[in-house]
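Engineer: next comes the sequence, and after it the predicted model I'd like to discuss.
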Amino acid sequence: FEGKPITCKAAVAWEAGKPLSIEEIEVAPPKAGEVRLKVLATGICHTDAYTLSGQDAEGRFPCIFGHEGGCVVESVGEGVTSVKPGDHVVPLYTPECRQCKFCKSGKTNLCSAIRETQGRGVMPDGTTRFSSKGKEIYHYMGTSTFSEYTVVCEIACAKVDPSVRLDRLCLLGCGIPTGWGAVNYTAKVEEGAVVAVFGCGAIGLSVIQGAVAAKASKIIAIDINPAKFDMAKRFGATDFVNPKDFGDKTIQQVIVDNYDGGADYSFECSGGNVEVMRAALECCHKGWGKSIVISVAASGQEVRTRPFMLVTGRVWMGSAFGGVKGRTQIPDFVKMYVDGSLNIDDYVTHELDLNDINKGLEAMRSANCIRPVVHM
Ligand code: AHE
Ligand code: ZN
């Protein structure tokens, strides 16, 4: 187990609000319970841009971002038994230790085994495996996939079918399971339900795919940019509503009035807008409507509604990584991709090299971008 450091390229965020900088970095060998991965491809998620912006209470710099990786195991640390060099894996920012109170509860996917150190940008022993120019670099979400090599915990490795393209499977690291799982694991949408989706980016499209799988009778795509409706339709949305088309009437009132009392389920995929979170709750049907908050709002933001909305039977809940237990369930998503029941290809609107990763971050701000995939 005496591995050597690897020198490679990575996109380093030296400070908040500045472009990423391509640097030579050193990646230390994996310690006990850790795995060193060669990253072949990574997606870019809005959460990477959010933390880079400096608004994330847990953001620490310098740091290597990225949490949608398609990777091959390069080496393993002492005691690692579930993966070996050559295995293909998708790193998990929500790991699955199968031993903590959370994992054993059967009620949540929020494994607590390494959450505290992960939030501080370090490995479980409190140190980092990255350095550049003599400086320590922090990890991000336990994954740090904006690097040619990274080190993650064994419990954060979802092993995937090695015959499937890693530059597609990388998107199983966040956006796709998050939306699909919110429908099928968090909300448990049933056949015939009316589903409202607020925001038609990568998460919204994944909610739409999840709702198709759940056999929802109506899937209402809601977006203030009607250019998003083409893709929403291709993914299976049945109805399209632009909140700007109704003058002073709120979108929640529009949905309640036009859909027989409102949505059975609503999903907030707005990219962190707390007013949209409110609208998503309030568009739900009295007595049983359930609204799921998915996106990440800046620290300091708060949600609000009239308590009457809850008293009269609506349920407000949230979902992280779609309630997906990654090591157990990511292989099921791979199977759905292989059998054609899960679309991944159409998310990939931009493909770039690591050197151009800042262009990928920029593309994320444009309406025609779903996901950039960066080839390492
Ligand atoms: N650090 C942020 C919280 C960020 C957050 O809520 N992250 C989501 C995943 S975003 C994926 O793109 C999540 O799963 N959270 C669960 C967890 O344990 O962090 C902040 O605001 O402090
Ligand atoms: Zn993400």
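Structural biologist: Cool, got the structure. Ligands and ions are numbered 1, 2, ... in the order given.

Engineer: correct me if wrong: Val89 contacts Asp161.
Structural biologist: No - counting by C-beta atoms under 8 Å, Val89 does not reach Asp161; the two are 11.0 Å apart. C-betas here are computed from N, CA, C, even on glycine.

Engineer: give me the more crowded residue out of these two.
Structural biologist: Summary of the neighbour comparison: Val89 and Asp161, criterion other C-beta atoms under 10 Å, with Val89 having more neighbours (26 against 12).

Engineer: against ligand 2, how distant is that one?
Structural biologist: According to C-beta to the ion, to the nearest Å, Val89 and ligand 2 sit 17 Å apart.

Engineer: and what of Val256?
Structural biologist: Counting by C-beta to the ion, the gap from Val256 to ligand 2 is 31 Å.

Engineer: burial of that residue, as a residue count?
Structural biologist: Per other C-beta under 10 Å, the neighbour tally for Val256 reads 19.

Engineer: test my guess that it contacts Gly262.
Structural biologist: Yes - with the criterion set as C-beta under 8 Å, Val256 and Gly262 qualify as a contacting pair; they are 4.4 Å apart.

Engineer: joint contacts of these two?
Structural biologist: Both Val256 and Gly262 are contacted by Cys283, His285, under the criterion C-beta atoms under 8 Å, 6 or more residues apart in numbering.

Engineer: dump stretch 334-347 to CSV, restricted to CA.
Structural biologist: What follows is stretch 334-347 as a C-alpha-only set of coordinates in CSV (Å, rounded to 0.1, in the frame of the first residue of the first chain):
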residue,chain,number,x,y,z
VAL,A,334,-26.9,2.5,-15.6
LYS,A,335,-29.2,-0.4,-16.5
MET,A,336,-32.0,2.0,-17.4
TYR,A,337,-29.5,4.0,-19.6
VAL,A,338,-28.4,0.8,-21.4
ASP,A,339,-32.0,-0.5,-21.9
GLY,A,340,-33.0,2.9,-23.3
SER,A,341,-35.5,3.9,-20.6
LEU,A,342,-33.2,6.7,-19.2
ASN,A,343,-32.0,9.4,-21.5
ILE,A,344,-28.6,10.8,-20.7
ASP,A,345,-27.3,11.7,-24.1
ASP,A,346,-29.6,14.7,-24.6
TYR,A,347,-28.3,16.5,-21.5
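
Engineer: touching ligand 2 at all, that stretch?
Structural biologist: No - in this structure, stretch 334-347 remains apart from ligand 2 according to C-beta under 5 Å from the ion; the gap is never smaller than 12.5 Å.

Engineer: show me which residues of that stretch are buried.
Structural biologist: Along stretch 334-347, these residues count as buried under the neighbour rule (16 or more other C-beta atoms under 10 Å): Val334, Met336, Tyr337, Leu342, Asn343, Ile344, Tyr347.

Engineer: just send those residues back as a markdown table, with distance to Gly3 and pLDDT too.
Structural biologist: Conversion of the buried residues of stretch 334-347 to a markdown table gives the following (distance: C-beta to C-beta, whole Å; pLDDT from 0 to 100):
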| residue | distance to Gly3 | pLDDT |
| --- | --- | --- |
| Val334 | 28 | 98 |
| Met336 | 35 | 98 |
| Tyr337 | 32 | 98 |
| Leu342 | 36 | 98 |
| Asn343 | 38 | 98 |
| Ile344 | 33 | 98 |
| Tyr347 | 35 | 98 |
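
Engineer: mind listing which of these are in helices?
Structural biologist: With helices defined by DSSP state H, the entries of these inside them are Val334, Met336, Tyr337.

Engineer: if I pick the residue nearest the centre of the chain, what's in contact with it?
Structural biologist: When the chain is reduced to its mean C-alpha position, the nearest residue by C-alpha atoms, centre = their mean turns out to be Cys174, at 2.7 Å. Remark: with contacts taken as C-beta under 8 Å, 6+ apart, Cys174 is in contact with Gly43, Cys45, Thr47, His67, Glu68, Tyr93, Phe321.

Engineer: let's see it at 6 Å
Structural biologist: By C-beta atoms under 6 Å, 6 or more residues apart in numbering, Cys174 lies in contact with Cys45, His67, Glu68.

Engineer: what do you get for Arg60?
Structural biologist: If a contact means C-beta under 6 Å, 6+ apart, then Arg60 has Gly121, Tyr138 as its contacts.

Engineer: now stretch 5-18: buried residues?
Structural biologist: By neighbour count, with 16+ other C-beta under 10 Å as the criterion, the buried positions of stretch 5-18 are Ile6, Cys8, Lys9, Ala10, Ala11, Val12, Ala13, Trp14.
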